[in-house]
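Q: model the structure of this input:
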Amino acid sequence: MSFSEPYVRFRRSAPVFDRALRWGQMAAGVGLFLAGIAIAPLPGPLGVPVSMLGLAMVLKNSYWAKRQFIRVQRKRPKFVYPFRRLLRKNPEFAPVFWQQALRAEKLVLKRTNRVLSRLRKSARRQIRKMSR
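A: I've put the predicted structure just below:
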């Protein structure tokens with residue numbers, strides 16, 4: 001028995017192992033995505049990061065999911081853009097969450113009742129006063 005035999009045997013089983021690992025990661029990603037959706041109604045923003053992590057795992061391991069994501073991206077770029085920003089290597093969490101909060105406020109409240117944009121403007125004024 002030479003030293004190359006165990007390597008050859010392991011090499012033959014590597015595609016099976018890789019496929020099982022990929023399916024396992026994809027199942028974990030789907031589980032995380034569903035868990036993120038389930039905890040989204042709870043107070044706090046914990047549902048969004050968990051969903052993003054699950055979506056990233058699914059997109060990394062599934063060609064079908066990548067094709068569907070690109071199809072949705074072409075049809076509805078404004079809807080997918082925040083997800084794409086969070087899936088980058090160095091995601092910018094604060095601007096994405098701020099933009100989504102402004103969009104949600106715009107959908108729910110009338111223009112006269114919106115608070116977030118006024119809050120941002122008043123905070124900017126106070127920061128400018130302190131820096132002078």
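Q: so what's the residue most central in space within the chain up against?
A: Residue closest to the mean C-alpha point of the chain, counted by CA atoms, centre = their mean, is Met52 at 2.4 Å. Shown in contact with Met52 (CB atoms under 8 Å, 6 or more residues apart in numbering): Gly36, Phe83, Leu86, Leu87. (Each C-beta comes from the backbone N, C-alpha and C, glycine too.)
Q: quick check: what element follows the helix or strand containing it along the chain?
A: Mapping Met52 onto the secondary structure by DSSP states H and E places it in helix 47-61. Moving toward the C-terminus from helix 47-61, the next helix or strand (DSSP H and E) is helix 63-75.
Q: just the angle between that next one and helix 47-61, please?
A: If you take axes from the mean of the first three to the mean of the last three CA atoms, to 10 degrees, helix 63-75 sits at 120 degrees to helix 47-61.
Q: ok, Leu46 touching Ala38?
A: No: Leu46 lies out of contact with Ala38 (CB atoms under 8 Å); the separation is 10.6 Å.
Q: and Arg114, how far is that from Lys121?
A: Distance from Arg114 to Lys121, counting by CB to CB, to the nearest Å: 11 Å.
Q: which residues of the chain fall in helices?
A: Counting by DSSP state H, the chain has helices at residues 4-39, 47-61, 63-75, 77-86, 93-108, 116-131.
Q: kindly state the pLDDT recorded for Leu87?
A: At Leu87, the predicted lDDT confidence score is 76.
Q: check contacts around it.
A: Shown in contact with Leu87 (CB under 8 Å, 6+ apart): Met52, Leu55, Ala56, Leu59.
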